[in-house]
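[1] would you be able to build a 3D model of this:
(chains A and B)
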Amino acid sequence: MEILLSHGSTLVMIAAVVGFFMAWGIGANDVANAMGTSVGSKALTIKQAIIIAMVFEFAGAYLAGGEVTSTIRKGIIDPALFIDIPELLVFGMISALLAAATWLLVASILGWPVSTTHSIVGAIIGFAAIGISPDTVAWGKVGGIVGSWVITPLISGVIAFIIFNSAQKLIFDTDKPLEQAKRYVPFYMFLAGFVLSLVTIKKGLKHIGLDNINIGFYNFEVAGAGGYYLAIIVAIIVALIGKYFVTRVKFDDNADKSTHYANVEKVFAVLMVVTACCMAFAHGSNDVANAIGPLAAVVSIVDNGGEIAKKASLVWWILPLGGFGIVAGLALFGHRVIATIGKGITHLTPSRGFAAELAAACTVVIASGAGLPISTTQTLVGAVLGVGMARGIAAINLGVVRNIVISWVITLPIGAGLSIIFFWIMKAIFS
Amino acid sequence: MARNSIIGIFAKSPIKPLEKHIRIVHKCCSQLVPFFAAVTEEDWSAAGKMRTKISKLERDADELKRQIRLELPGGLFMPVDRADLLELLSQQDKIANRAKDIAGRIFGRKLTIPTELQEQFIAYVARSIDAAEKAADAINELDDLLETGFRGREVELVTKMISQLDEIEDETDGMQIKLRKDLLNIEKDLNCVDVMFLYQIIDWVGDLADLAERVGARLEILLARK
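    Modelled structure (predicted):
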C-alpha cells in the first residue's frame, strides 16, 4: 500500500509510457492488416490510406474503445480479490503491458503474424494465475473471450459470404452489372454506416459524456430509440455522399464486354473507401484497448490511493492517449508497412475487398460494443475465407491462414510466460 | 512484416496464366496456316521459318505450363478443383504439341499436299484452328466467371461457346472424312509412303479440333463441380 503512495506517480508514468509504446506498435503494425486490403486492391493510395487510418483509428479508439478497455481492465481478473494487494495488480498490469509489447516487437522483427489482443489477454491471465493465484482469474469470462476468438472469424466469414453472394446476385450476374452496381452500392454504404454509427452511438457517446443529442426540433435520446434513428440518419447521409461520388466516377464509355467489369470495379472502389474507413474505425475501437486497458487499471488504482474502485470511470486522458499512440505509430511506420503490402498485390479486386472488409468491420465493431477483445486480423481472415467460399477469390494460400491460426495458440502461453517474468522482476524491485 | 499481414493469404491467381497459356497455344497452331501456304507453294525456306516459330511457341507454352504447375502448391484454396485445373492445362498444352508434330513431320519429309486436295486441306486446317480459337475464347471467360461466382449468365455464355466448339469439331470430322475419301481416290498415283504420312497428317490436324473440344469438356467439368 505504501508503495503505491510513495511511487504512485512513477508507476503511472511507467504504465503510460509502456501503454503509449504498445499503442504505437499497434498503429505501426496492425494497421497494415486493417488497411492492407484497400491498398492491395488499389482502391486507395498509400497516402490516402494513412490519412483515413489516422482519422478513423483515432475516432474508433476514442468513441468506441471504452467497452473493450473496461473488459481488459477489470473483466479478465476478479478485482475483488485484489482489495488487500492493490500494488500487485498495478505491478501485474504493467508487466502484462511490457510482456505484450515485447512479444509484439519480437514477432514483428521475425515477421510472425501475432495478435495484439491475444498477447495482452495471455499476459494478464499469466501474471494473475501464476504470479498470484489461479483464483484471481475470472475464468468464466476468459472462457467467453477465448470462445469469441473462434466464433468471430466464423461469424465474419458467414457475413462476408452473404454479402458477396448478394453482390454477385444483384450486380455481377445480371445483364447490366454497371447500372446495377450504381444502384446497389449505396445500400452497402448504408449498411456500413448504420452498423458503425449504431455501435458508436449506443456504446461510445456515453464515454465522452453525451447522453442525448439535440438538433433543434428533435431530441435524440442516445440510449433509447433515438439512438437507432440517429444511426439511420447517419447511414443515409453516408449513402448519399457515396452515391454522389459514384455518379462522379469516370467510366470508360466505349467499354466492350471485356472491360465491362473493370467499370463495375470502379464503383466498388468508391465503396471500398467507405469500408476502409469502417475497418480503421473498428480496429481502433477494439485494439486500442489492448494498450490502454492495463494503463487504465493502473491509473484508477493509484488515483484512488490503492483502493480498487468498482465503478471507476475511465480517466479522460487515457483513450486519447491510446488514439494518439496509434496515430503516431501510423505516421512514423505505417507508410512503410502499407507500402510493403500494397506492392505486387493485385489479386484482390474492390468487389471482393469490400465484402471482406465490411463483414470484418461489422463483426469487430459489434464485438467492441459488447466489450469483447477479439483479433481484428483473424476476423478479417475469416471474412476473406468467406468470400473465397462464395467462389470469389482465385486462390487463397491456406498455409498462411494456418500460420495465422497457429500464431494465436502460441501467443497465449508466451504472453503469459513473459508477463510472469516481468511481474517477478517488478515485485523484486519495488518491495 | 509482410507475412504479418492479411495480404499474405492471397495467392497468385492461377486463372490469368491459364488464359495466357491458351493464347500462346492458339498462336502456335495459327502459324500452321502460313506454314501450309508455304508448303503448297513448295517454298521450303519460308516453311522452315514457320516451323521454327511453331516450335518456339510450343516451348513457350511448355515453359508457362511448368510455371503454372509449380505455382499451384497443394495448400491453395481455389474456387475450382486443383486437379481439374491442372488437367485443363495439360489438355491445352497438347494442342500446341500436336501443331508442332504436324509442322515437324511435314517439314522433315518435305511432304507436299497433292494439288487436288490443297484447297480443301487448307480449309480443313483453318477450321481446326478455329476450334482452338473458340477454346481460347471460352478459357478467356474464366475471369468473368470468377466475377459472377460461376453461375447464371456467364455460365450460360460459356456453355454456349462450348457447344459451338463441339459444332466446329463435328464440322472438321466431316471435312476429314471427305479428305480421306478424296485421297483414297488418288492415292494409287502417289508415292505410297507419302500417302501413309498424308493420312497421318490428316489425322493430326483433326486432333487439333479434338483436343480443343476436350479443353472445352474440361472447362465444363470445372464449371459443373462444386
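
[2] looking at chain B, which helix is longest?
    As far as residue count goes, and with DSSP state H defining each element, the longest helix of chain B is helix B:152-186.

[3] in it, what counts as buried?
    By neighbour count on 16 or more other CB atoms under 10 Å in any protein chain shown, the buried set for helix B:152-186 is B:154-155, B:157-159, B:161-162, B:164-166, B:168-169, B:171-172, B:175-176, B:179-180, B:183. No exception for glycine: its C-beta is placed from N, CA and C like everyone else's.

[4] can you name every helix or strand that whichever helix or strand comes after it contacts?
    Read in the C-terminal direction, the helix or strand following helix B:152-186 is helix B:192-224, with elements assigned using DSSP states H and E. Applying 3 or more CB pairs under 8 Å, 6 or more residues apart in numbering or on different chains; DSSP states H and E, we find helix B:192-224 packed against helix B:82-109, helix B:115-140, helix B:152-186.

[5] among those helices, which is nearest A:Ser95?
    The stretch from those with the least distance to A:Ser95 (CB to CB) is helix B:82-109; that distance is 47.7 Å.

[6] if we go by neighbour counts, what in that closest one is buried?
    Within helix B:82-109, the residues that qualify as buried are B:84-89, B:91-103, B:106-107, counting by 16+ other CB under 10 Å.

[7] ditto for stretch B:189-202
    Using 16+ other CB under 10 Å as the burial criterion, the residues of stretch B:189-202 that qualify are B:194-195, B:198, B:201-202.

[8] gap between that stretch and the chain center?
    For stretch B:189-202, the gap between its own C-alpha mean and the chain's C-alpha mean amounts to 24 Å (CA atoms, centre = their mean, to the nearest Å).

[9] using PDB, write out every CA atom in that stretch.
    Coordinates of the C-alpha atoms in stretch B:189-202 are reproduced here as PDB (Å, rounded to 0.1, in the frame of the first residue of the first chain):
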ATOM      1  CA  ASP B 189      -1.000 -42.200-108.300                       C
ATOM      2  CA  LEU B 190       1.100 -41.100-105.400                       C
ATOM      3  CA  ASN B 191       4.200 -42.300-103.600                       C
ATOM      4  CA  CYS B 192       2.800 -44.800-101.100                       C
ATOM      5  CA  VAL B 193       4.900 -43.800 -98.200                       C
ATOM      6  CA  ASP B 194       3.800 -40.200 -98.700                       C
ATOM      7  CA  VAL B 195       0.200 -41.300 -98.700                       C
ATOM      8  CA  MET B 196       0.700 -43.100 -95.400                       C
ATOM      9  CA  PHE B 197       2.000 -39.900 -93.900                       C
ATOM     10  CA  LEU B 198      -0.700 -37.800 -95.500                       C
ATOM     11  CA  TYR B 199      -3.300 -39.900 -93.800                       C
ATOM     12  CA  GLN B 200      -1.400 -39.400 -90.600                       C
ATOM     13  CA  ILE B 201      -1.300 -35.600 -91.100                       C
ATOM     14  CA  ILE B 202      -5.000 -35.500 -91.800                       C
END
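
[10] and the residue in the stretch 51-200 of chain A that chain B sits nearest to, what does it touch?
    Among the residues of the stretch 51-200 of chain A, A:Asp173 lies closest to chain B, at 3.6 Å counting by CB to the nearest CB. A:Asp173 makes contact with B:148-149, B:151-154, according to CB atoms under 8 Å, 6 or more residues apart in numbering or on different chains.

[11] show me what secondary structure element comes after the longest helix that chain A contains.
    Residue-count comparison of every helix in chain A, with assignments taken from DSSP H, identifies helix A:257-303 as the longest. Once helix A:257-303 ends, the next helix or strand along the chain (criterion: DSSP H and E) is helix A:318-329.

[12] please name the nearest non-neighbouring residue to the residue sitting nearest the centre point of chain A.
    When CA atoms, centre = their mean is applied to chain A, the residue found nearest the centroid is A:His283 (2.1 Å). Ranked by CB to CB, 6 or more residues apart in numbering or on different chains and with sequence neighbours excluded, the top spatial neighbour of A:His283 is A:Ala34, at 4.1 Å.

[13] that neighbour and A:Gly131, how far apart?
    When CB to CB, to the nearest Å is applied, the distance between A:Ala34 and A:Gly131 equals 33 Å.

[14] neighbour-wise, which of those two wins?
    A:Ala34 (33 against 22; other CB atoms under 10 Å in any protein chain shown).

[15] contacting residues around that one?
    Here A:Ala34 is in contact with A:53, A:57, A:279-280, A:282-283, A:376, A:380 (criterion: CB under 8 Å, 6+ apart).

[16] mind redoing it with 6 Å?
    A:Ala34 makes contacts with A:279-280, A:283, as judged by CB atoms under 6 Å, 6 or more residues apart in numbering or on different chains.

[17] save the residues you listed as JSON lines, and put in pLDDT too.
    As requested, the contacts of A:Ala34 are arranged in JSON lines below (pLDDT from 0 to 100):
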{"residue": "A:Met279", "pLDDT": "88"}
{"residue": "A:Ala280", "pLDDT": "88"}
{"residue": "A:His283", "pLDDT": "88"}
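
[18] closest one of those to chain B?
    For the contacts of A:Ala34, the nearest to chain B is A:Met279 (10.4 Å; CB to the nearest CB).

[19] count of neighbours near that closest one?
    A:Met279 has 35 neighbours, counted by other CB under 10 Å.

[20] next: B:Arg69.
    As a burial measure, B:Arg69 scores 14 neighbours (other CB under 10 Å).

[21] strands of the stretch 151-300 of chain A, start to end?
    Counting by DSSP state E, counting those that start in this stretch, one finds strands in the stretch 151-300 of chain A at the ranges A:212-214, A:219-221.

[22] for the first one, what is the average pLDDT?
    Which is strand A:212-214. Throughout strand A:212-214, pLDDT has a mean value of 64.

[23] now stretch A:289-301
    Computed over stretch A:289-301, the mean pLDDT rounds to 86.

[24] ditto for stretch A:250-260
    Stretch A:250-260 shows a mean pLDDT of 62.

[25] chain neighbours aside, what residue packs nearest to A:Thr37?
    Once its chain neighbours are removed from consideration, A:Thr37 has its nearest residue in A:Gly353; the separation is 4.6 Å (CB to CB, 6+ apart).
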